[in-house]
Each structure stands twice: as structure tokens, then as C-alpha cells.
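1. mind folding the following:
(3 chains)
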Amino acid sequence: MNTLKLEKKQEYTIVQMHRGKVNAIDHEMVQELRQVFRDIENDEAVKGVILSGQPHYFSAGLDLIELFRYNEKQINNFFRTFGALYLELAKFTKPFISAITGHAPAGGCVLAVTSDNRYMAEGEPYRIGLNEVAVNIQISQNLTEAYAFWMGSGLANRYILEGKLLTGSEAVSGGLVDLLVPLDQVVDHAEMKMQHYLKTDQEIWVNTKRKLRKHWHNKLDPDGQSSFKEAVTLWWKPEIRAKMEAHINSFSNKKKT
Amino acid sequence: MNTLKLEKKQEYTIVQMHRGKVNAIDHEMVQELRQVFRDIENDEAVKGVILSGQPHYFSAGLDLIELFRYNEKQINNFFRTFGALYLELAKFTKPFISAITGHAPAGGCVLAVTSDNRYMAEGEPYRIGLNEVAVNIQISQNLTEAYAFWMGSGLANRYILEGKLLTGSEAVSGGLVDLLVPLDQVVDHAEMKMQHYLKTDQEIWVNTKRKLRKHWHNKLDPDGQSSFKEAVTLWWKPEIRAKMEAHINSFSNKKKT
Amino acid sequence: MNTLKLEKKQEYTIVQMHRGKVNAIDHEMVQELRQVFRDIENDEAVKGVILSGQPHYFSAGLDLIELFRYNEKQINNFFRTFGALYLELAKFTKPFISAITGHAPAGGCVLAVTSDNRYMAEGEPYRIGLNEVAVNIQISQNLTEAYAFWMGSGLANRYILEGKLLTGSEAVSGGLVDLLVPLDQVVDHAEMKMQHYLKTDQEIWVNTKRKLRKHWHNKLDPDGQSSFKEAVTLWWKPEIRAKMEAHINSFSNKKKT
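-> Prediction:
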């Protein structure tokens, strides 16, 4: 594992994203996340999983600097794999809690919305949200379902259309995040919740999760071909590519200073 | 009627659950509730119904002490009948208001969520909620739909998975309860609301209720066989039976002291 | 255009309802709204639309004084056309913002709920809501879907069944209205939001709106025949006609004093 660090507790595993300071998501991280969640799903000895990030960054989302360099085949491959990861996480059956240790825009938020609970670091600067519209990426139908599931269709509509990144308080009040806690206690809170879950009968717990997600799952396109083609076509649209280059330069420059 | 007291008002009926101090639900109460609601549904002279409980206890939920002694046939019969009651209440067409005179955990909450409005006694100790996970009972798909209908799928998910009992304030802020009022005014408030409803054209009112519940009704499994089998199988699982025995002993002992 | 004033901005159009002091909706206004929105939908040079009203009245809803005089054919025609307008607005693909310059009960609210955002004049007297039950009009299934989309099924149920008109604060807290602003800034706020939307890639924006409304659209009956027949039958029910006459007289008299 190059992009993840696993810490095995007695009954569950903490998966820490570990790819530089901001945990930008590239193809390797997507593949490693798929592998780890598949392993945990199939391992009877592991009852649940906590996903955490780096201090200040749960994940900055897709690694646009790297993705911008991908050729057509690589982009196709990336979007297809990332879409599959989202589906697998949304259908993960065991307790799964996000310890959001800081920023979680776009792709970072995608990972978080698939979990059962979200504890987020308190503090004005941290932001979370599906702001794809603002960064010129076509959101998929499958992803909008997650936002509507947690916040209702009204807020999902308002926030996604304006490409909004939410403060922690906005995220809590909208239902996206469960609770804000100090950064150094985010993982602790996730562990306390996990221990609470693991005290209950796990057969009942897993059945109950499946029932609660039934309509979300039924809305998911398991193939996602049409959505995927749309996203890829727009990715190569010249005006969007120009905007994305400007966007990348803006934060690449910020990084250098 | 052994478990219910009926008070007939000019246009509506107040049904008070009346089975000891805590209104624990047994097979007889389920049958009497089904009978009363069927009678009111078919009686053109009765325009609506208010369901109330005892002071401090709307209903403590299923009578686990009694159910624990049931044999296989009796348990099968009980779950089947209780599931049918839930469906009939959820599909009841006339104005139906819950006057929640105190605690309403698990089975008590099941009755309340089928009504059009819920007024609840204010006061820190009173709790309401579908906490089935915490008491080792398998919640049905049909029941989760009610919670999601009133609170949205996000809160339903969070509260049901953690087996949470909500305070009155949490229930109001989540949308489960309409308003908290002093215990001795809960029934009055329900009556005021009923009178408000009865001033409108009842044909329009009943049509409108049917439209508003359409998607909830469409999600309900009218048979519930698979859900029912799952619940009964888990009921007899040895680990769960042991936990339930400990649970019953804990509150049986509390009762004696 | 007799009932609307159009103001063309560089990229979008402001449509101001302009039919007397209260903007009561008659058949002509419905036809003109359908025409204008169809034109804007088909005009590539116009990227979006803002719908506004008169100071203090966005729209008082259907012109009941006029409708009360309609004969059977005219009523049939009116309900059919108004239902078609609602469907067309709900399916309008471009950015569409309501500048709610005051009261928006019943039919006024119907127009507003189809837009992407709602800015409303702050101030205690202004009310908004689908209060059809209170004014003896049968709400359609299609309309209830809009309320549930923005506020969730629980609040939609509670507010529609009691025929409630919401204050601005209630509308914001329920998710029906985005923000309250001083009356003279309502249109400005709508324009700022429109400019924010128009900065993003419009192909992505329109795709995203379509995804977010998918389940709402799927719930809409494109024909609405059964709902329409029900509404018209109840319209001519003698008790309802008597109540409506009393209702009309009450505000006709208020108008004269």
C-alpha cells in the first residue's frame, strides 16, 4: 500500500489516506481503497472500518494536476474506477465511519458520503461538499443520490447547483456531518461510535443498514455508462479544459508560494 | 375492550391505551387496536381519531416480559398481527392524531409514526424512537419507511442504526414530533388540531392525505413475509435470546425496587 | 403581453407579473407565462429567467373572483392549462429564480416552487404556501411532489394538511425559501444568484439540474387527467361552492373598504 496506512484494532480497521499533505486522489489510491474495502468486507474477523485522512486534509479530492496530464485512455480508466469505488463503498455492508480530519471537497466528499457517520474537525477554514459544478466537472446521477439521501433533495439541489463548499456548521445543520469535534479527537469519536455499533448484534445491524439504504441502492446505476461518457466528453471540451488549466495553475502557484 | 378506553366526542373518538401503568403492547391490545381503527374507518359518523396513553407512558412498546414467554406459534402470530396493525394505521384515511403522554420507545413509537400529527408531553425524561437495534429486535423495512417519511432518510439512518431514543426536543427538531406541550395539555392540543381539520371539506382532506402518503404507501410491502421471517428467526437466535433475557431482568428488577 | 412585463438583460430575462395590485392569476396570465417560458427555453441567447411580482404581492394566487364566474368549459380549460404551466415550469431546463416580492399563497406558491431558488421579501405580513386545503381547492398529486422535493415529505405533509401559510422565517427554516431580503433587494439578490450560475459551464449546469430533478420529474403525471377530473368535480360540489362564495365575499368586501 503506497497511499494508505492501515491500523488494525481488535475488531475493526482504521484506514488512513496517506498521499502527501492533501491526500489528492489518483488512480493508485482509488485502486488501493477498492482493495482494502473488499478485503475488509470479506474478512469475518474485521467488523468495521474507519476512514481518516491527514491533519487539515481528509482529502483535497481528485488529483487534478495529475489527471490533467492523463491521456484519453487513462481518464476513461480513472473515471470508471472511481465510479466503481463509490458504488462499492455505498454498498459496503459493515459499520463504516468517516473521520474527516479537515478539508473534504469534491472527491474527498464523495468518499465521506458513502459512510454511515461523519465526524469532522471543527474550525472555520475546513470545508466539505460536492462542488463539482464550480470546478467544471460533471457530477454523476449516482453521486447526487448520496447528497439527497443525507440532506434531502431540496438542500442537495441548492448546494450542488451553486457548487458550494460547506463550512462544518453548515454541514451539520444540513445533515451531511454528524458532529464537529476538535481535530485531534476526530478519530477518537469515530472509534467511540464504532464501539457503540459493535456492542449490538451484528446480524441485526447489517440487516438494518441494508434496509435503510434500500432506496438509495435502488437508485444507483450499477453500470453508470451513460453518466461516465457524459463526464468524459465534457472533460475534453476545450472551454472546460482551458478553465481547468487556469484552476490548476491558480492552486499550483499558491502551493509554490 | 380490555386494553383500550374509548371516549366518543361529537365528531371524533379518543382512544386511550389502558393496559397498566406503562401500556406495554401484547397480542390482545394489538387486536383491540385493529378492531377499533377498523370500526372508525367504516363509521361515517366518526370523522377522526386521537390515540393517547397513560400519564408518563404513551406506550412502553412491546410487552417483552410476556412475549419472551410466547412459544413459536404465539410469536409468529404476534409479529404477523402487529405488522398488520402498522399497515392498517399507516393506511387509515381519516384525521388521526397522537397525543403522546410520555415515553414512546420502539413499539410505542411504531403506533405514533402512523398518525398525521404528534403532540408530545414536554419534559426531559420522556423519550421516543425506533430503538429496535438497541433492544435486539429486527426492525422491518416497512417501519424504516415511516421514519424516513417524517425525518428524511439521513436522520432515519443515523437514529435507527444507533438505536437512539430521542428527547422531545430532538424529536421536534428532527421532524418526528410536531410540538411539545405540558403533559396535561397533550390531549387538548390534539383535540384543537382535530377541530381545525374537521372545519375543512373532509372529501378534500382525505384525498389530500392519500396523495401525501402515496410514495410511503407504495414502498410498503403489504404482505411483509420475508421481513417477518427474518424477525422471527432472529428472535430465536440463542445469543439474542440471552441478551433479551438480561434486558428483561434489568427492567423487571427495576420495577420491583 | 397584457399580464407580464419583460426586461431583457444581457444574458437573462426578468419576467415581472403585472396584473393589478395583487397579481391574481387568470387564464390569460397562465397562457402568457407558458408562452414566455417556452420562448426563453428555445432562445439560445437567453440563458436564464427571473420571475418577479408587484411590491407586496408576488402573486395572490388564482383569481377566484374571476374563476368563480367561469362556466364548466372555462373551468376545465383553466385547470388543464394551469396544470400544464406547472409541468412546463418544473421541467424548464435553464436557471430560473423566483424573486418573491411579497405574498405568494396557493397559485402564487405553485409558480415559485418550480424555480431553482427563491428569494423572498422579509417582513412579518408576507406569507407563502400551498394552502389549498384551507381555500377548498383540491391540490393535485403533481403539486404535492414539489413541496416534498423542497421541504421533505414530513413537512409537506404537515403544512399541506393544515392548509398553512408560512411566514418567511418558517419558509426558510423548512427549506422552501432560500433567504429573506428587504423587499427592494429581492430582485437584486435573484440577479446576483443568476450571475453566479452564468459563470459556470452551462452545459454542466443544465445536466446537473436535470439529474437533481430526475426523481421529481419521474413522479409527475404528464397528463394529470385523473387529478384534473377530481379537482373539477370538487369545484362544482355545492357545499364547496357555497364556502368559496363566502370566501370570495370576505376578501371582496375587504377590498372595497
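2. run a quick neighbour tally on the closest residue to chain C within the stretch 151-257 of chain A.
-> Chain C sits closest to residue A:154 of the stretch 151-257 of chain A, with a gap of 4.1 Å, by C-beta to the nearest C-beta. For every residue, glycine as well, the C-beta is placed using N, CA and C. Close neighbours of residue A:154, defined as other C-beta atoms under 10 Å in any protein chain shown, add up to 23.
3. does it really touch residue C:146, like I thought?
-> No. Residue A:154 is not in contact with residue C:146 according to C-beta atoms under 8 Å; the separation is 10.2 Å.
4. can you give me the helices in the stretch 151-257 of chain A?
-> A:153-161, A:168-174, A:186-198, A:202-212, A:214-219, A:225-235, A:238-256 (DSSP state H, counting those that start in this stretch).
5. in the shortest one, what's buried?
-> Of the residues in helix A:214-219, those buried by neighbour count under the rule 16 or more other C-beta atoms under 10 Å in any protein chain shown are A:214, A:215, A:216, A:219.
6. for the last one, same thing?
-> By neighbour count, and taking 16+ other C-beta under 10 Å as the criterion, the buried residues in helix A:238-256 are A:240, A:244, A:248.
7. which of the helices or strands spans the spatially most central residue of chain A?
-> In chain A, the centroid-proximal residue (C-alpha atoms, centre = their mean) is residue A:111; its distance is 1.5 Å. Assigned by DSSP states H and E, residue A:111 belongs to helix A:107-113.
8. now do the worst-scoring helix or strand of chain A on mean pLDDT: distance to the chain's middle.
-> Sorted by mean pLDDT, DSSP states H and E, the helices and strands of chain A end with helix A:238-256, the least confident at a mean of 84. When distances are taken as C-alpha atoms, centre = their mean, to the nearest Å, helix A:238-256 is centred 22 Å away from the chain's centroid.
9. likewise stretch A:92-100?
-> Distance of stretch A:92-100 from the chain centroid (C-alpha atoms, centre = their mean) equals 11 Å.
10. end to end on that stretch, go ahead and measure it.
-> Stretch A:92-100 has its terminal residues 18 Å apart, counting by C-alpha to C-alpha, to the nearest Å.
11. same check, this time on stretch A:127-146
-> One end of stretch A:127-146 to the other measures 18 Å (C-alpha to C-alpha).
12. average pLDDT for that stretch?
-> Across stretch A:127-146, the average pLDDT comes to 97.
13. tell me the residues of the stretch 101-250 of chain A that contact chain C?
-> A:132-134, A:136-141, A:144, A:148, A:152-158, A:160-163, A:219, A:230, A:234, A:237, A:239-240, A:243 (C-beta under 8 Å from any C-beta of the partner chain).
14. before we move on, the earlier item: what's the least confident stretch among the helices of the stretch 151-257 of chain A?
-> It's helix A:238-256: among the helices of the stretch 151-257 of chain A, that one has the lowest mean pLDDT, namely a mean of 84.
15. so which elements touch that helix?
-> In this structure, helix A:238-256 packs against helix A:64-69, with contacts taken as 3 or more C-beta pairs under 8 Å, 6 or more residues apart in numbering or on different chains; DSSP states H and E.
16. next one: the helix it packs on to chain centre, how far?
-> 19 Å.
17. does that helix reach chain C?
-> No. Using C-beta under 8 Å from any C-beta, we find that helix A:64-69 stays clear of chain C, coming within 15.4 Å at best.
18. may I have that helix as PDB, with CA atoms only?
-> This file holds the C-alpha atoms of helix A:64-69, laid out as PDB (Å, rounded to 0.1, in the frame of the first residue of the first chain):
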ATOM      1  CA  LEU A  64      -6.400  17.400 -10.900                       C
ATOM      2  CA  ILE A  65      -2.700  18.200 -11.600                       C
ATOM      3  CA  GLU A  66      -2.100  14.500 -12.300                       C
ATOM      4  CA  LEU A  67      -5.500  13.900 -14.000                       C
ATOM      5  CA  PHE A  68      -4.900  16.900 -16.300                       C
ATOM      6  CA  ARG A  69      -1.900  15.100 -17.800                       C
END
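19. how about it, which residues are buried there?
-> Buried residues in helix A:64-69, counted by 16+ other C-beta under 10 Å: A:64, A:67.
20. give me the residues contacting that helix.
-> A:24, A:26, A:75, A:78, A:135, A:244, A:245, A:247, A:248, A:252 (C-beta atoms under 8 Å, 6 or more residues apart in numbering or on different chains).
21. my read is that residue A:52 contacts residue A:188, right?
-> No. Applying C-beta under 8 Å, one finds residue A:52 not in contact with residue A:188, separated by 10.8 Å.
22. neighbour count for those two, which is higher?
-> residue A:52 (23 against 13).
23. once you drop chain neighbours, what's closest to the more buried one?
-> In space, and not counting its chain neighbours, residue A:52 is closest to residue A:99: 4.0 Å by C-beta to C-beta, 6 or more residues apart in numbering or on different chains.
24. give me the angle between the host helix or strand of that neighbour and helix A:202-212.
-> According to DSSP H and E, residue A:99 maps onto strand A:96-100. Relative orientation of strand A:96-100 and helix A:202-212, computed by axes from the mean of the first three to the mean of the last three C-alpha atoms, to 10 degrees: 70 degrees.
25. so what touches strand A:96-100?
-> Contacts of strand A:96-100 (C-beta under 8 Å, 6+ apart): A:14, A:48-53, A:58, A:89, A:111-112, A:114-121, A:126, A:128, A:177, A:186-187, A:189-190, A:193-194.
26. any idea how far residue A:186 is from residue B:27?
-> 48 Å (C-beta to C-beta, to the nearest Å).
27. looking at those two, which has the bigger crowd around it?
-> residue A:186 (27 against 18).
28. look up the closest residue to that one, ignoring the ones flanking it.
-> residue A:99 (4.6 Å).
29. tell me how many other residues surround residue A:10.
-> 9.
30. which SS class is it?
-> Following DSSP: H, G, I helix; E, B strand; the rest coil, we place residue A:10 in the coil state.
31. residue A:134 and residue C:200 touch, don't they?
-> Yes. Counting by C-beta under 8 Å, residue A:134 touches residue C:200, with 6.8 Å between them.
32. any residues in contact with both of the two?
-> residue A:163.
33. OK, contacts around the nearest residue to residue A:160 once chain neighbours are set aside?
-> Leaving aside its chain neighbours, residue A:160 sits nearest to residue A:130 (5.6 Å; criterion: C-beta to C-beta, 6+ apart). By C-beta under 8 Å, 6+ apart, residue A:130 lies in contact with A:106, A:109, A:110, A:113, A:139, A:143, A:144, A:147, A:159, A:160.
34. likewise for residue A:139?
-> When contacts are counted by C-beta under 8 Å, 6+ apart, residue A:139 touches A:130, A:132, A:133, A:160, C:208, C:211.
35. tally of neighbours for the third one?
-> When neighbours are defined as other C-beta under 10 Å, residue A:133 has 23 of them.
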